[in-house]
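*Asks:* Sequence below, structure please.
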Amino acid sequence: MTRVQNRRARVRGGGLDDCLRACAVHSGKLVGSIDRRRVELAEQLRKLLVVWGTTSTVAPTPAPAGATALLKRAVKGTATPSAGLGNELLDALLAVANKALECGYDDELNLALIISDTVLAQRKNSRAGWRLRARLLEALGEEAEALEAYERYLALTEDDGFGVRARIAGLRAAGEKERELLALLERQCPRARDFARGPATDVWAEGLAAHAVGDWAQAEPRFVGALLALAADDASVNDRQELLSQYLDLRTAVPGTDLPALAAAIELYAEQRRNRMRGPVADPTIGGVQWITLGEFRNRIAGKSICLIANSGRVGASSMGAEIDAYDLVVRFNSYRIDPKHTGSRTDIHATIHKHGFNWEKPVDTRLVFGGVLGDWKHSLRNRLVPGAQTCLGDESLRWPVRNIGKLGTDVWSGIPTTGFNMLFLLDFLDVSPTLDLIGFDFYESGAYRVQEAMKLAITSVHEYTSEKAWVMQRAQSVTDMRISLR
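*Replies:* Alright, predicted model coming up:
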């Protein structure tokens, strides 16, 4: 199937009523699922249906409360959503689509497509909508269209906290290497041109039949011809990658194969795969950064007054800028926002989760990147760190303080510790600071105060904010409206 045919098959219209009913129907399909990802999707669908039921312009007919009742009304068409797409409904739809995309199954990807079409039909300049569309198209192997959607997203935002520019660079570099690989295969197997015009599926099947009887001389030009036909037809990247992998596997097993020629092909294949996974790395040394261990970090902060600044609405209206800048060390988190009058202007230590890249380009003395999964943490460091933006960078010993330093397992602390709690736990554990103050920590009671692109990020339920607050208050020496002092 060509990309044009695929595109036609994906047209969904973008009607809000139809989209919401599709979500309601899909919610019913997930009842009893034991797949963790589908269970999480079902929870987001439940929340969406509640939002839909509470924002409809027509009062629903009396019925039993709960998601089941909302589902029944939705399928029957009783509840009609309000004209236009309100912010609360938009956020709920995006949360569903993101979970559907994480599932990766065809049914869920189709649901995400419906939501994507609907969001962009209702909000043509939605940054979240264009990023969702790009990620979805990439997952479907529609790379050219994904790049266009990523570019639309970048045109609408100033903060590239999700690393979209690097993603674009990786996809473009991968596409170029794939073209180099196909050109190399065509040179290595000139007869492939004779088969590059036929239907790729039929030609590939002929190649498999020849290979099955041990006739590699007839099989190889058909395999390569099918690959060239797929590229000419602009077929899905997923299809092209699968057949490239199969071809190289088969070629590797052929007795007497030309090993230098095979190695050249495998090198290009590996490079284009690597670029799709993590993008090009311009400076693997990350600007000659100084990696610091737990002990070295302790020595850098010993004897210094420290304040930790919350990304809260309370800080954003505090007028405490001068007081904050008076501390020896100022610690900020993730997607912090600077307004000198209220937040102060200095950032000495930036503590951030590895999953997004907000403020990684801002110059700081020390950057600590937290992450629970070692492989993911390393991947983020290679792709998100900006050379020259930090003097010191925490090494693996500082990767996940609550778990790795404090040894608090899930049996003791079941929730995923926040960036703020990891940082505070680390400083409290080291216990070398005469002053350790938390500024504006109200655990999101006053709302978030972040860079604009991060304002829509959900306050996720995987964290134990109540437990973290209790831990802080048990150790507090003094508490005011704006300041909690632990020393």
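*Asks:* so where is this structure shaky, pLDDT-wise?
*Replies:* 1-13, 56-83, 281-282, 284, 456-463 (pLDDT under 70).
*Asks:* longest single helix anywhere in it?
*Replies:* helix 164-188 (DSSP state H).
*Asks:* Tell me which stretches of the stretch 301-450 of the chain form strands.
*Replies:* In the stretch 301-450 of the chain, the segments counted as strands under DSSP state E, counting those that start in this stretch are 306-309, 329-333, 349-353, 364-370, 390-394, 436-439.
*Asks:* So which of these is nearest residue 28?
*Replies:* When those are compared for distance to residue 28 using CB to CB, the nearest one is strand 349-353, at 34.6 Å. (Each C-beta comes from the backbone N, C-alpha and C, glycine too.)
*Asks:* Following the longest helix of the chain in sequence, what is the next regular element?
*Replies:* Reading on from helix 164-188 to the C-terminus, the next helix or strand found by DSSP states H and E is helix 200-212.
*Asks:* Against which helices or strands is that next one packed?
*Replies:* helix 216-232 (3 or more CB pairs under 8 Å, 6 or more residues apart in numbering; DSSP states H and E).
*Asks:* Please work out which residues outside the helix or strand following the helix it packs on touch it.
*Replies:* Going down the chain from helix 216-232, the next helix or strand is helix 237-252, by DSSP H and E. With CB atoms under 8 Å, 6 or more residues apart in numbering as the test, helix 237-252 has contacts from 140-143, 178, 181, 204, 211, 219-220, 223-224, 226-227, 230-231, 257, 262, 265-266, 269, 273, 276.
*Asks:* So among the residues you listed, which ones count as buried?
*Replies:* 140-143, 178, 181, 204, 211, 219-220, 223-224, 226-227, 230-231, 265, 269, 273, 276 (16 or more other CB atoms under 10 Å).
*Asks:* Just send the strands of the stretch 301-450 of the chain back as CSV, with mean neighbour count and distance to residue 455 too.
*Replies:* Below are the strands of the stretch 301-450 of the chain laid out as CSV (neighbours: other CB atoms under 10 Å; distance: least, CB to CB, whole Å):
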stretch, mean neighbour count, distance to residue 455
strand 306-309, 25, 17
strand 329-333, 24, 15
strand 349-353, 24, 17
strand 364-370, 22, 21
strand 390-394, 20, 25
strand 436-439, 23, 20
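*Asks:* before we move on, back to that, mind listing what's buried in the longest helix of the chain?
*Replies:* Result for helix 164-188 [16+ other CB under 10 Å]: buried residues 164, 166-168, 170-171, 173-175, 177-178, 181-182, 184-186, 188.
*Asks:* same deal with stretch 470-478?
*Replies:* Quick answer for stretch 470-478 (16+ other CB under 10 Å): 471-472.
*Asks:* Work out the gap between it and the centre of the chain.
*Replies:* 34 Å (CA atoms, centre = their mean, to the nearest Å).
*Asks:* ok, now stretch 278-288?
*Replies:* Relative to the mean C-alpha coordinate of its chain, stretch 278-288 is positioned 20 Å out (CA atoms, centre = their mean).
*Asks:* Can you get me the start-to-end distance on it?
*Replies:* Distance between the two ends of stretch 278-288: 21 Å, counting by CA to CA, to the nearest Å.
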